[in-house]
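Visitor: below are the sequence and a predicted model for it; my questions follow.
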Amino acid sequence: MPGGRLTQQERQQIALGLADGLAYAEIARGLDRPTSTITREVMRNGGPTAYRADLAHRATEHRTHRRRQTAPRGAQAPPQAHGRDAEAVRAYEETFTTLLMQQGLPKMTSRVLTCLYTTDAGSVTASELVQRLQISPASVSKAVTFLESQGLVRRERDDRRRERYIVDDDVFYQGMIASARANALLAETARQGVGVLGRDTPAAARLENIARFIDFVSESITQAAEQAREILHSRAEAAATGDTAEPPADRG
């Protein structure tokens, strides 16, 4: 499988594939590249509807030139904890960031959240984010404010009175519970339409089926989240002790 940066010809093939409605995986197979490479390339250069091969190529050259200008001579990347491969970590962070962008988060917000998720401490200061991501304090503040409004991070003061941004292990649990509640409201609203449209009409039957489906899925998600919640807290402990405990079996 070829490595290195994408060539201008490969970017043209990506643009043609997108125009033909091909999936990222299919484009990747045609170029003998990982799907994650194609996904990152498209998402960081306008997305599937705005991707342009020539603009993407120039933007990549510009980013490379800018990094070379700002990097101090003789500087080396800081050593990774636990003997991690720095290049592999960087590539993984790009993949995770791209995934968050596909879920609807802005790019800068996705980068900040990825940084928090991949930091062993699970918390960073504003200055650490500025240094690690090479972004402005204003960008950090804007991204953190948005993440905090979504319940994805919280702020605390450390013993040096510095503000730290923390990602809680419970964030996914809380997000799923909130989603289930929103779905329950959707189901309730669908059922209100049954009476308005007439219970024996096709439209009312459709809405009732939608409500029943949403009820079933929401209840299943809530039950599964409650049963598996302890995984979010036991995983680190299990890894430290070598235990690989499985989630509790469903005895229902």
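Guide: Ah, there it is.

Visitor: distance from the chain centre to stretch 94-105, please.
Guide: 4 Å (C-alpha atoms, centre = their mean, to the nearest Å).

Visitor: in it, what's buried?
Guide: Buried residues in stretch 94-105, defined by neighbour count with 16 or more other C-beta atoms under 10 Å: E94, T95, F96, T97, T98, L99, L100, M101, L105. For every residue, glycine as well, the C-beta is placed using N, CA and C.

Visitor: now do the same contact list for the first one.
Guide: By C-beta atoms under 8 Å, 6 or more residues apart in numbering, the contact list for E94 reads S36, R40.

Visitor: per-residue confidence for it?
Guide: E94 is assigned 84 on the pLDDT scale.

Visitor: and what of the fifth one?
Guide: For T98, the model assigns a pLDDT of 83.

Visitor: quick check: which element contains it?
Guide: Assessed by DSSP states H and E, T98 sits inside helix 86-102.

Visitor: render the CA-only coordinates of that helix in CSV, please.
Guide: The C-alpha coordinates for helix 86-102 follow below in CSV (Å, rounded to 0.1, in the frame of the first residue of the first chain):
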residue,chain,number,x,y,z
ALA,A,86,4.3,9.9,17.5
GLU,A,87,3.4,9.6,13.9
ALA,A,88,0.8,6.9,14.6
VAL,A,89,-0.7,9.1,17.4
ARG,A,90,-0.9,12.1,15.0
ALA,A,91,-2.6,10.1,12.3
TYR,A,92,-5.1,8.6,14.8
GLU,A,93,-5.9,12.1,16.1
GLU,A,94,-6.6,13.3,12.6
THR,A,95,-8.9,10.3,12.0
PHE,A,96,-10.8,10.9,15.3
THR,A,97,-11.1,14.6,14.5
THR,A,98,-12.5,13.8,11.1
LEU,A,99,-15.0,11.4,12.6
LEU,A,100,-16.2,14.1,15.0
MET,A,101,-16.6,16.6,12.1
GLN,A,102,-18.7,14.0,10.3
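
Visitor: what about that helix, distance to the chain center?
Guide: Remark: helix 86-102 is offset 9 Å from the chain centroid, using C-alpha atoms, centre = their mean.

Visitor: please name the nearest non-neighbouring residue to G17.
Guide: I27 (3.9 Å; C-beta to C-beta, 6 or more residues apart in numbering).

Visitor: from M43, how far out is the one you found?
Guide: 13 Å (C-beta to C-beta, to the nearest Å).

Visitor: elements contacting the host helix or strand of I38?
Guide: Under the criterion of DSSP H and E, I38 resides in helix 35-43. For helix 35-43, the packing partners by 3 or more C-beta pairs under 8 Å, 6 or more residues apart in numbering; DSSP states H and E come out as helix 8-19, helix 24-31, helix 86-102.

Visitor: 10 Å instead?
Guide: helix 8-19, helix 24-31, helix 53-70, helix 86-102 (3 or more C-beta pairs under 10 Å, 6 or more residues apart in numbering; DSSP states H and E).

Visitor: right, and the helix or strand after the host helix or strand of A190?
Guide: Assessed by DSSP H and E, A190 sits inside helix 171-197. Downstream of helix 171-197, the first helix or strand assigned by DSSP H and E is helix 202-228.

Visitor: quick check: mean pLDDT of that next one?
Guide: 92.

Visitor: buried set for it?
Guide: Within helix 202-228, the residues scored as buried using 16+ other C-beta under 10 Å are A204, L207, E208, I210, A211, I214, D215, S218, T222, A225.

Visitor: need the contact list for the fourth one.
Guide: Remark: with contacts taken as C-beta atoms under 10 Å, 6 or more residues apart in numbering, I210 is in contact with L186, A187, T189, A190, R191, G193.
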